[in-house]
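*Asks:* no FASTA, just this:
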């Protein structure tokens, strides 16, 4: 299968011209080493999945770096942490930029070594699976911030997302873009490799089936508030153990904890993060939705659709070289909103799926698996007006409607193709 160009390539090239080292983090099999190899074709690649190379690096790090001078791509460098002091010395010994390009799939171990040895000398970028922009060869690489300017630019490169449930179900890893790859076998092998190569290196898990049960319980809760006690009851472990295991999924890049938007004015805001699987294909495999057709009509379709949209938005930030953790939040508050339905008034907790913060403006986003959006879906957006230190921007309902339309003077319905 032909290589699919990655949106982050120009960002990596710029970092290679301005930093002495570049680190690309992300889960297994999202294309980290392939992307670096394609972006820097003339730089040699050494992978520490190769046991001989790993043994050489571990036995004598100084000799290894002397025999393999920069520029150099080091793949899965978390397996050889002994190299980091030597890499620091090489970087400090010359003025040249772009000396080392590193990849790794265990972010916590990597960042500990980076902080200790390469602080100020290295650019860190996250790579996830393919975005829909990349799959559709959309030539636009800016983060999804729902402004009129963004929509005008995005419209010029708009492409229909055909068969969206098949793409959501299959997943975003590059190998899965080959239709000959069997979905269930791929994800079965992925989980097995993840347990043996990643989980076992981070923590000592004696009962791997219990960890798979835990992963399944988390997948079933994607898009929901993280409740470690409820997961512990289901898995048969303690809440502290579940909290530790969640950190393992985070370290491996498999899940993302979306933090609540906080403000002194929003005193009734819930402080618990929401948890999202980063790849909907893996979430579907773990929860045993075996076909796109069954997924589309399942009880989880709304959560999986929301997970897909959130993942695409986060990729738009990462691929532009930005840290989405400072820009993307959610809001849920105990202040009640009142809605009239069928002549009766009902009250609900205020909830906003996403709050995107840019330059002092808050852009509320609702995600709906609906082709018939209406303004009532955005009734909670006004709660952000309580925060007088920020301005509320135009609201957005991301949905399955096929046109960008205004529902009111400050609210738009936006097809998923605009992400």
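*Replies:* All right, it came through fine. Bear in mind the structure is a predicted one, so any value in this text is a computation, not a measurement.
*Asks:* Quickly list the domain ranges of the chain.
*Replies:* In terms of domains, the chain is parsed into 9-126, 173-309 (source: automatic domain parsing).
*Asks:* From start to finish, how long is the shortest one in a straight line?
*Replies:* Meaning domain 9-126. 12 Å (CA to CA, to the nearest Å).
*Asks:* Please identify the longest helix in the protein, counting by residues.
*Replies:* When the chain is parsed with DSSP state H, its longest helix is helix 301-318.
*Asks:* List the buried residues of it.
*Replies:* 301, 303-318 (16 or more other CB atoms under 10 Å). Heads up, the C-betas are built off the backbone N, CA and C, glycines and all.
*Asks:* Quick check: phi and psi at residue 377.
*Replies:* Residue 377 adopts backbone torsions of phi -70, psi -20, taken as degrees, to the nearest 10.
*Asks:* do the one 4 residues further on as well
*Replies:* Comment: the main-chain dihedrals of residue 381 come out as phi -60, psi -30, following degrees, to the nearest 10.
*Asks:* and if you look at the one 10 residues further on?
*Replies:* Backbone dihedrals for residue 391, given as degrees, to the nearest 10, come out at phi -110, psi 140.
*Asks:* my read: it touches residue 360, true?
*Replies:* Yes: look at residue 391 against residue 360 with CB atoms under 8 Å: they come within range, at 6.2 Å.
*Asks:* In terms of packing, which of those two has more residues around it?
*Replies:* Looking at residue 391 and residue 360 with other CB atoms under 10 Å, you find the greater number of neighbours at residue 391, namely 13 against 9.
*Asks:* and residue 354, helix, strand or coil?
*Replies:* In three-state terms, and counting by DSSP: H, G, I helix; E, B strand; the rest coil, residue 354 is strand.
*Asks:* which residue packs closest to it, ignoring adjacent ones?
*Replies:* For residue 354, ignoring the flanking residues on the chain, the nearest one in space by CB to CB, 6 or more residues apart in numbering is residue 365 at 3.9 Å.
*Asks:* Let's see the pLDDT reported for that neighbour.
*Replies:* Looking at residue 365, its pLDDT is 98.
*Asks:* ok, and it, which helix or strand is that part of?
*Replies:* Taking DSSP states H and E as the definition, residue 365 sits inside strand 361-367.
*Asks:* can you give me the angle that strand makes with helix 301-318?
*Replies:* Here the directions of strand 361-367 and helix 301-318 differ by 140 degrees (axes from the mean of the first three to the mean of the last three CA atoms, to 10 degrees).
*Asks:* returning to that earlier point: could I get the domains of the chain in a markdown table, plus columns for mean pLDDT and distance to residue 158?
*Replies:* Compiled in a markdown table, the domains of the chain are given as follows (pLDDT from 0 to 100; distance: least, CB to CB, whole Å):
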| stretch | mean pLDDT | distance to residue 158 |
| --- | --- | --- |
| domain 9-126 | 90 | 21 |
| domain 173-309 | 93 | 17 |
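*Asks:* which stretch among these comes nearest residue 334?
*Replies:* Nearest of the domains of the chain to residue 334, taken as CB to CB: domain 173-309 at 4.2 Å.
*Asks:* how much distance is there from that closest one to the middle of the chain?
*Replies:* Offset of domain 173-309 from its chain centre (CA atoms, centre = their mean, to the nearest Å): 12 Å.
*Asks:* before we move on, back to that, which residues are contacting the strand holding residue 365?
*Replies:* 145-147, 261, 305-306, 309-310, 331, 352-357, 377-378, 380-381, 384, 387, 390-399 (CB atoms under 8 Å, 6 or more residues apart in numbering).
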